[in-house]
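[1] following is a predicted model, sequence given first.
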Amino acid sequence: MHVVVVGCGRVGSGLAEAVEAAGHTVGIIDRREQAFRRLSPSFSGKRVVGVGFDRDRLRDAGIDEAVAVAAVTNGDNSNIMIARVAKETYGIEHVVARIYDPRRAAIYERLGIPTVATVQWTIERVLRRVLPDTQALEWIDPSARVCLVERQLPATWAGRRVAELELDGRARIVALARLGVAQLPRPDLVVQDGDVVYAAVSGDDIGAFDERLAGASAGAH
């Protein structure tokens with residue numbers, strides 16, 4: 001299927017390459033031609049120079065055959081305008097807009113425009129919106145403050161307590177799956193090899209949580 005990405009910054013370029021790597025076609029728009037330098041030499045999608053809400057530029061990027069549009073420029077107003085044009089003019093079902101002011105998130109969600117914020121997890125959530133059939137490990141709330149992540153625990157955590165996985169005020173284990181059966185774990189539950197945990201994590205602390213899990217492999221306690 002075809003996806004149109006508007007904005008070739010860190011998020012847009014990473015998203016476009018991720019979509020193409022998943023076997024889909026991509027058209028990407030940016031007002032600055034030099035922005036396309038962020039794309040890898042192997043990227044084969046359409047590159048269109050222009051304003052993202054210009055209908056001619058959207059058509060050049062393939063919106064007429066697109067099933068999804070991601071507006072990830074550096075301007076909230078532009079992204080919302082692009083998202084509305086995609087939904088209301090072209091009838092695109094899967095549309096998402098990046099915003100920098102998370103206070104607007106709930107407002108736009110009520111208008112039927114999903115929004116995302118912060119670079120760390122934007123690419124994965126946008127992929128979840130535009131490629132709903134792909135596996136997604138995270139749920140993120142509209143205010144961009146909390147997400148739910150699923151993680152396979154390294155074998156080195158076996159024999160330690162679930163409470164040791166948590167980061168005070170930043171990450172909390174809300175469920176654990178063992179042999180395909182989920183449970184709400186007690187803090188003193190001992191981890192076994194092969195366990196999968198589901199954690200509520202602050203949106204800015206996913207990396208820190210992953211480092212915490214990997215730390216056991218390096219002997220951290």
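    Sure thing, it's come through.

[2] next, count neighbours for Arg55.
    11 (other Cβ atoms under 10 Å). C-beta: built from backbone N, CA, C; applies to glycine.

[3] thought it was touching Ile82?
    No: assessed by Cβ atoms under 8 Å, Arg55 is found out of contact with Ile82, at 10.7 Å.

[4] break this structure into its domains for me.
    Here the domain parsing of the chain from automatic domain parsing is 2-136, 146-218.

[5] which stretches in the chain count as strands?
    Applying DSSP state E to the chain gives strands spanning 2-6, 25-30, 46-49, 66-71, 94-98, 115-116, 138-140, 146-152, 171-178, 181-183, 196-202.

[6] most packed of those strands?
    Across the strands of the chain, the average number of neighbours (mean count of other Cβ atoms under 10 Å) peaks for strand 2-6, which reaches a mean of 29.

[7] can I get stretch 28-40 in CSV, CA atoms only?
    Only the C-alpha atoms of stretch 28-40 are listed here, as CSV (Å, rounded to 0.1, in the frame of the first residue of the first chain):
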residue,chain,number,x,y,z
ILE,A,28,7.4,12.3,1.1
ILE,A,29,7.0,16.0,0.9
ASP,A,30,9.2,18.8,2.3
ARG,A,31,9.4,22.5,1.5
ARG,A,32,13.3,22.2,1.5
GLU,A,33,14.9,20.0,-1.0
GLN,A,34,18.0,19.6,1.2
ALA,A,35,15.8,17.9,3.9
PHE,A,36,15.8,14.8,1.7
ARG,A,37,19.5,14.3,2.5
ARG,A,38,18.3,12.7,5.7
LEU,A,39,17.0,9.8,3.6
SER,A,40,19.3,6.9,3.0
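
[8] picking that back up, make a markdown table out of the domains of the chain and add mean pLDDT.
    As requested, those are exported to a markdown table (pLDDT from 0 to 100):
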| stretch | mean pLDDT |
| --- | --- |
| domain 2-136 | 85 |
| domain 146-218 | 88 |
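
[9] hey, which of those is tucked in deepest?
    domain 2-136 comes out most buried of those by mean count of other Cβ under 10 Å, with a mean of 19.
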